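Peer 1: please find the sequence and the predicted model below.
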Amino acid sequence: MIGTLHLVRLALRRDRILLPVWVLFLVGVTYSTTTALEELYSGAEARAQLGVTANANSAFLAMLGPLHDWSSLGGLVVWRWGVFSGLFIAIMAMLVVTRHTRAEEEAGRTELISAGVVGRHAPLAAAVVVAGGTSLLIGLLQAVALIGKDLDAAGSFAFGLSTASVGLVFTGVSAFTAQLSENSRVSNAVAGGFLGVVYLLRAAGDAAGESGPQWLTWFSPIGWTEHVRSFADNRFWVLLLPLAAFVVLVGVSAFIVTRRDVGLGLFATRPGPPEGTIVTPFGLAWRLQKGALIGWTLALFVVGMIYGSVAQAVGQMVQDNPTLGQIVQKIGGADAMVDAFFATITQLLGLITSIYLVQAVLRLRSEETSFRAEPILATPVSRWGWVATHASFALVGGAVVLAASGLGLGLVHGLQSGDVGTQLPKMLGAALVQLPAAWVIAGVALVLFGLFPQLTGVSWAVVSASLVLTLLGPALQLDQWVIDVSPFTHVPKYPDITFGPLAWLTGVAVLLLVAGFAGFRRRDLTT
């Protein structure tokens, strides 16, 4: 453990901008959500009606979880923001741990540092301290923010600690996945895949209803936060589960560290194809990108199937709740409510797909900093051609991923409604209409790569901002011009699809992509 403190200071210095942004974002949205919900649901009757509606709707249950306590403002905050807060803090923990463990080994800096007076466990310990400490800080500040809004102190700390517990679990998960492969991208992909699985387990368990497999939520760290029942029962003992998972995962990771060489993973890297099988830049790009494309396609297809399976419950909810039925009848009936559900879901799927597009574009930067781009560009391969091969996976691959999600939505919903022939093309269209907005975000990533390569990490901030503005902007009562910053705000809502906004978004994406291509052609390769 010698040298851990020095490495912690080094990590904090390197992340002196990134970590404060995460803290301010998660704490700020918690406070803003509380303020917005306080204004929207100031009366007991409005909260009670929301509670009945939310807990009777499988779509709400799948996306946000159950509303345990609608009599208090704190209960509404936990329901509206708890799941998203857990997702964001998990992503923060994964990125921080991988950045200061596997990415450092991959770059050769860990071996250089280890030549000094540094213990074998120090790099891993420093990453765990930084990620875990940031998670706890976020949780405590969230509790303070809620107490500042005159909410119950016990419920506030239950919510803050439950959010922090998700960060601790994924600190341990990323510490473990960092030991498996020599590649930081694989480490993040495995940890991200695990996050997707536990989110789906929670969603399936929550949407199952009383007669379904609600026990699935107990297999999800995000589900554990719901079982804490903040502002309702405040079951602090549930937090022992994520704490135990954190200790076990970090302990296993520390054990593996001492039994592998620096720079190597627990599993050997798979050898490449025989000599001569990759003869074009596109062939190389396909080998580098195909794993992510196939994984995202299958994952979004499954997500589409899950959300398609609960769509039928949206219409059924209107029949089971006469009061809600009268309200819904005024806006067009149950069919309008189902359409609104699909509009929200396809928008969410578009936002998720934009993550893949940014990942595909930033593979260019990874190849450049790993010194693999320079020997390729020393051949007759042009810069334009090299960038185009990877950019095509963002543009065309994004369409494939979105089509898979629409296929899952339409197939399952069509089978339930007995009208596959009608629902399948509708859902495919509703999903693919999100593609121009995702292209705009990919264009921003390419502009940063071409003109400001040191700032390519800002691409993830663009994705996060779009997600927050699109999904939470109205609830936070932000000004419309702020919400309009997200390209997904301008996508026509299903089923009223018009092509004017899509043409404008496509035009903006083309301009950004051209600027990115031009910028890369005129700059030097950097490390």
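Peer 2: Cool, got the structure. Residues are numbered from 1 along each chain as shown.
Peer 1: give me the residue ranges of the stretch 201-350 of the chain where confidence is low.
Peer 2: Applying pLDDT under 70 to the predicted model, the residue ranges of the stretch 201-350 of the chain that meet it are 208-212, 272-277, 310-337.
Peer 1: can you give me the helices in the stretch 1-150 of the chain?
Peer 2: 4-14, 18-40, 44-56, 58-64, 73-100, 102-107, 109-114, 122-148 (DSSP state H, counting those that start in this stretch).
Peer 1: now these in JSON lines, with mean pLDDT, mean neighbour count and distance to residue 468?
Peer 2: All C-beta spots, glycine's among them, are computed from the backbone N, C-alpha and C. Formatted as JSON lines, the entries for the helices of the stretch 1-150 of the chain read as follows, by pLDDT from 0 to 100; neighbours: other Cβ atoms under 10 Å; distance: least, Cβ to Cβ, whole Å:
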{"stretch": "helix 4-14", "mean pLDDT": "92", "mean neighbour count": "16", "distance to residue 468": "25"}
{"stretch": "helix 18-40", "mean pLDDT": "87", "mean neighbour count": "18", "distance to residue 468": "7"}
{"stretch": "helix 44-56", "mean pLDDT": "75", "mean neighbour count": "16", "distance to residue 468": "21"}
{"stretch": "helix 58-64", "mean pLDDT": "72", "mean neighbour count": "22", "distance to residue 468": "15"}
{"stretch": "helix 73-100", "mean pLDDT": "90", "mean neighbour count": "25", "distance to residue 468": "9"}
{"stretch": "helix 102-107", "mean pLDDT": "86", "mean neighbour count": "21", "distance to residue 468": "26"}
{"stretch": "helix 109-114", "mean pLDDT": "86", "mean neighbour count": "16", "distance to residue 468": "33"}
{"stretch": "helix 122-148", "mean pLDDT": "95", "mean neighbour count": "23", "distance to residue 468": "15"}
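Peer 1: can you say which of the ones you listed is nearest to residue 155?
Peer 2: Relative to residue 155, the nearest member of these by Cβ to Cβ is helix 73-100, separated by 4.7 Å.
Peer 1: also compute the angle for the closest one relative to helix 44-56, please.
Peer 2: Computed with axes from the mean of the first three to the mean of the last three Cα atoms, to 10 degrees, the direction of helix 73-100 lies at 50 degrees from that of helix 44-56.
Peer 1: report the distance from helix 73-100 to the chain centre.
Peer 2: The gap between the average C-alpha position of helix 73-100 and the chain average comes to 10 Å, counting by Cα atoms, centre = their mean, to the nearest Å.
Peer 1: need the longest helix for the protein.
Peer 2: Once the chain is assigned using DSSP state H, the helix that runs over the most residues is helix 281-320.
Peer 1: now do the helices in the stretch 251-400 of the chain.
Peer 2: Taking DSSP H, counting those that start in this stretch, the helices of the stretch 251-400 of the chain run over residues 281-320, 322-330, 334-369, 373-377, 383-417.
Peer 1: list the buried ones in the third one?
Peer 2: Which is helix 334-369. If you call a residue buried by 16 or more other Cβ atoms under 10 Å, then helix 334-369 has these buried ones: 334, 337-368.
Peer 1: now swap in stretch 447-457 and tell me
Peer 2: Under the neighbour-count criterion of 16+ other Cβ under 10 Å, stretch 447-457 has 447-450, 453, 456 buried.
Peer 1: what two of these are the furthest from one another?
Peer 2: Spatial extent of the buried residues of stretch 447-457 (Cβ to Cβ) is set by the pair 447 and 453 at 10.7 Å.
Peer 1: count the residues that sit near residue 443.
Peer 2: For residue 443, the tally of surrounding residues (other Cβ atoms under 10 Å) stands at 26.
Peer 1: any idea how far residue 12 is from it?
Peer 2: Distance, residue 443 to residue 12, using Cβ to Cβ, to the nearest Å: 33 Å.
Peer 1: the longest helix of the chain - contacts with which helices or strands?
Peer 2: Here helix 281-320 touches helix 44-56, helix 58-64, helix 184-207, helix 322-330, helix 334-369, helix 383-417, helix 420-432, going by 3 or more Cβ pairs under 8 Å, 6 or more residues apart in numbering; DSSP states H and E.
Peer 1: for those helices, give me TSV that also has distance to residue 282.
Peer 2: Formatted as TSV, the helices and strands packed on helix 281-320 follow (distance: least, Cβ to Cβ, whole Å):
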stretch	distance to residue 282
helix 44-56	48
helix 58-64	38
helix 184-207	20
helix 322-330	51
helix 334-369	13
helix 383-417	5
helix 420-432	24
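Peer 1: which one of those lies nearest to residue 290?
Peer 2: Where the helices and strands packed on helix 281-320 are weighed against each other on Cβ to Cβ, the nearest is helix 383-417, at 8.6 Å.
Peer 1: where does the closest residue to residue 519 other than its chain neighbours land on pLDDT?
Peer 2: Spatial nearest neighbour of residue 519, excluding adjacent residues (Cβ to Cβ, 6 or more residues apart in numbering): residue 450 at 3.0 Å. Model confidence at residue 450, given as pLDDT, is 91.
Peer 1: ok, residue 450 touching residue 514?
Peer 2: No. Applying Cβ atoms under 8 Å, one finds residue 450 not in contact with residue 514, separated by 9.7 Å.
Peer 1: could you say which helix or strand holds the residue lying closest to residue 39 once chain neighbours are set aside?
Peer 2: Distances taken as Cβ to Cβ, 6+ apart put residue 477 closest to residue 39, at 7.1 Å, once the chain neighbours are dropped. Applying DSSP states H and E as the criterion places residue 477 outside every helix and strand.
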